[in-house]
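**Student:** Based on what follows, work out the 3D shape:
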Amino acid sequence: MQPMLNIAVKAARAAGQVIVRHVGRLEGLTVQNKQPNDFVSEVDHLAEREIIRVIQRAYPDHAILAEESGGQGRSDYEWIIDPLDGTTNFLHDFPQFAVSIALRHQGRLEQAVVYDPVKEELFAASRGGGATLNNRRIRVTTLKDLNGALLGTGIPFREDQDLDAYLKTLRALLPGTAGVRRAGSAALDLAYVAAGRLDGFWEYGLNPWDMAAGVLLVQEAGGLVGTPDGGHDVMARGDVVAAGPKVFKAMLQRLAQAR
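**Tutor:** Just a heads-up that it's a prediction; the model follows:
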């Protein structure tokens, strides 16, 4: 395993241990609202500190971009961290959440780990090295269009998000599919596209830490990732479509009709 990917795996597993220790013991947790319906718990902070500790022990000069503590340092190497993607699920004991860690070098994603500590599923990728789930190679599905496709999404839930615009995209994409799932963790949704569990995924208004690792996983599993209008600046825009090549094209075509 590539040394930097190995550190990401070590950090993700350490954070996963922190998270699992608190599963089912939620009553005494300190929980705060970052904004309406956007929660952060002390477990998020504890897991993030554990990730940063592992990374900085190995690479003290690397920069950090973490959801809870923000940016630290300046370097060509930048670790992008979401210590607990799916905090709301975690706080409701809904077992769909994950640790997400990516490494970007000179602006290009190079390493990725998404770790589900409840299911003990470790998704990992290195640029040019393919994507794996628990050390077994994974690939996106090979559907030719949206007929029978199972899609994942994130439904807007904050007041500053445009639900009506999103519903237009849902109406455009839904016909002929096998359905749409909204599971509550973009990192896992993207990992599931990479593993062929979902045929495609779209969401608006994500942060870099929500999707950095998932983006590389999909790409290394043979999929395509872009913005809903066909652009490539996913990390800057925060709006993402991910799928196998032909489903990706079909999704963009339908999304164009929804604009």
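
**Student:** Next, Gly226: phi, psi?
**Tutor:** Backbone torsions of Gly226, given as degrees, to the nearest 10, read phi -160, psi -180.

**Student:** Assess the claim that it and Lys249 are in contact.
**Tutor:** No: Gly226 is beyond contact range of Lys249, at 10.2 Å (criterion: Cβ atoms under 8 Å). Every residue, glycine included, has its C-beta placed from N, CA and C.

**Student:** more neighbours, these two?
**Tutor:** Gly226 (20 against 14; other Cβ atoms under 10 Å).

**Student:** if I look at the residue nearest in space to the middle of the chain, how far off is Ala258?
**Tutor:** Residue closest to the average C-alpha location in the chain (Cα atoms, centre = their mean): Ala187, at 1.8 Å. With distances taken as Cβ to Cβ, to the nearest Å, Ala187 is found 25 Å from Ala258.

**Student:** likewise Ala12?
**Tutor:** On the measure of Cβ to Cβ, Ala12 and Ala258 end up 36 Å apart.

**Student:** Which one's more surrounded, the two?
**Tutor:** Ala12 (29 against 15).

**Student:** got the residue ranges for the strands in the stretch 51-200 of the chain?
**Tutor:** 63-66, 70-72, 77-85, 98-105, 108-116, 121-126, 130-133, 136-137, 150-153, 179-181, 200-203 (DSSP state E, counting those that start in this stretch).

**Student:** and these, which one's lowest on average pLDDT?
**Tutor:** Least confidently modelled of the strands of the stretch 51-200 of the chain is strand 70-72, at a mean of 91 by mean pLDDT.

**Student:** What is it packed up against?
**Tutor:** strand 63-66 (3 or more Cβ pairs under 8 Å, 6 or more residues apart in numbering; DSSP states H and E).

**Student:** and the strand it packs on, what does it pack onto?
**Tutor:** Using 3+ Cβ pairs under 8 Å, 6+ apart, strand 63-66 sits against helix 42-58, strand 70-72, strand 77-85, helix 208-220.

**Student:** Please enumerate residues in contact with stretch 129-140?
**Tutor:** When contacts are defined by Cβ atoms under 8 Å, 6 or more residues apart in numbering, stretch 129-140 is touched by residues 2, 112, 120-125, 191, 193-196, 199, 216-218, 220-223, 243-244.

**Student:** Ranking helices and strands of the protein by mean pLDDT, which lands last?
**Tutor:** strand 38-41 (a mean of 53; mean pLDDT, DSSP states H and E).

**Student:** low-confidence ranges in the protein?
**Tutor:** Across the chain, the ranges flagged by pLDDT under 70 are 1, 25-40.

**Student:** Mind naming the longest helix for it?
**Tutor:** Among the segments of the chain that qualify as a helix by DSSP state H, the longest is helix 3-22.

**Student:** can you state the direction angle for that one and helix 208-220?
**Tutor:** Relative orientation of helix 3-22 and helix 208-220, computed by axes from the mean of the first three to the mean of the last three Cα atoms, to 10 degrees: 120 degrees.

**Student:** Mind giving me the packing neighbours of helix 3-22?
**Tutor:** helix 42-58, strand 77-85, strand 98-105, strand 108-116, strand 121-126.

**Student:** Show me the contact partners of it.
**Tutor:** So helix 3-22 is contacted by 1, 29, 43, 46-48, 50-51, 53-55, 58-59, 79, 83-84, 90, 97, 99, 101-103, 110-115, 117-118, 122, 124, 126 (Cβ under 8 Å, 6+ apart).
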